[in-house]
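1. sequence below, structure please.
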Amino acid sequence: MAITIENNGASLKITEDGATRFVLKNQIREVEVVRDTIIKLDIGQGALNNIFVDQASVTAPASTGVEDLRDQLMGFIQTNTNITGFATEVNQNKELETLKSLQATVNALNEKMFIDPILIDESNPNVIYNGYALPGAKAGDPVWAIQKVTKVKGVLTYQWAAGNKTFDKVWNNRTALIYS
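-> Got it, this is the predicted structure:
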């Protein structure tokens, strides 16, 4: 009566005399040696539903004794946190941090939406400069996205400083910047 036990990702694959069953790792509450060569896998569903394995009948994984087999089974159950894709607490915490970072980025972008400019320069009759930044931004700080609107023969042309909408320009330098 040969028994093999394999680490199958989220479950243990236990094969005995050609019959295979899978036990989800998260169902296993305890692995203990109960008698000489017998290991009990307590799956938390009462004594009649526990799984008992005779170490002497287990051909894989190879073990030197009942305690060694118990330790190997515990190693199977304790998911390696370096493996990606497993729903471990460490991996879930990493994903939560990634989501928090993404949420912070989205919130920051929402605050920087180009709804209305913070400053408008209409001192030239054919050119308007629109300055976008967070409220309270200083004109001398490189925290502005600046748009230039030019009117030639009734046609309006919209251009951005340095050809982009990034918030790294100085409002006070708006007339000297290159627009495209």
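2. okay, CA-based contacts and neighbour counts for the rest of this
-> OK.
3. distance-wise, check L12 relative to V170.
-> To V170, L12 is 62 Å away according to C-alpha to C-alpha, to the nearest Å.
4. ignore what I typed, I meant A60.
-> 69 Å.
5. out of these two, which sits in the more crowded spot?
-> Of the pair A60 and V170, V170 is the one with more neighbours under other C-alpha atoms under 10 Å, namely 19 against 15.
6. which parts of stretch 17-27 are buried?
-> For stretch 17-27, the neighbour count (16 or more other C-alpha atoms under 10 Å) marks 23, 25 as buried.
7. next: stretch 69-77.
-> So, applying 16+ other C-alpha under 10 Å, buried residues of stretch 69-77: 69-70, 72-74, 76-77.
8. hey, which strand is longest across this structure?
-> strand 142-152 (DSSP state E).
9. just the mean pLDDT for that one, thanks.
-> For strand 142-152, mean pLDDT is 95.
10. what is the helix or strand following that strand packed up against?
-> Towards the C-terminus, the helix or strand next in line after strand 142-152, according to DSSP states H and E, is strand 155-160. Here strand 155-160 touches strand 142-152, going by 3 or more C-alpha pairs under 8 Å, 6 or more residues apart in numbering; DSSP states H and E.
11. swap in 10 Å and give it another go.
-> strand 127-132, strand 142-152 (3 or more C-alpha pairs under 10 Å, 6 or more residues apart in numbering; DSSP states H and E).
12. that strand vs strand 127-132, what angle?
-> On the basis of axes from the mean of the first three to the mean of the last three C-alpha atoms, to 10 degrees, strand 155-160 is oriented at 40 degrees to strand 127-132.
13. just the CA trace of strand 155-160, in CSV.
-> Provided in CSV are the C-alpha atoms of strand 155-160 (Å, rounded to 0.1, in the frame of the first residue of the first chain):
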residue,chain,number,x,y,z
VAL,A,155,-7.7,80.9,-35.5
LEU,A,156,-6.8,79.7,-32.0
THR,A,157,-3.7,77.5,-31.5
TYR,A,158,-3.3,75.6,-28.2
GLN,A,159,0.3,74.7,-27.2
TRP,A,160,2.0,73.5,-24.1
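14. for the longest strand of the chain, which positions count as buried?
-> For strand 142-152, by 16+ other C-alpha under 10 Å, it's 142-150.
15. how distant is that strand from the center of its chain?
-> In terms of C-alpha atoms, centre = their mean, to the nearest Å, the centre of strand 142-152 is set 37 Å apart from its chain centre.
16. does it pack against any helices or strands, and if so which?
-> Applying 3+ C-alpha pairs under 10 Å, 6+ apart, one finds that strand 142-152 makes contact with strand 119-124, strand 127-132, strand 155-160, strand 169-170.
17. nothing else from me, thank you.
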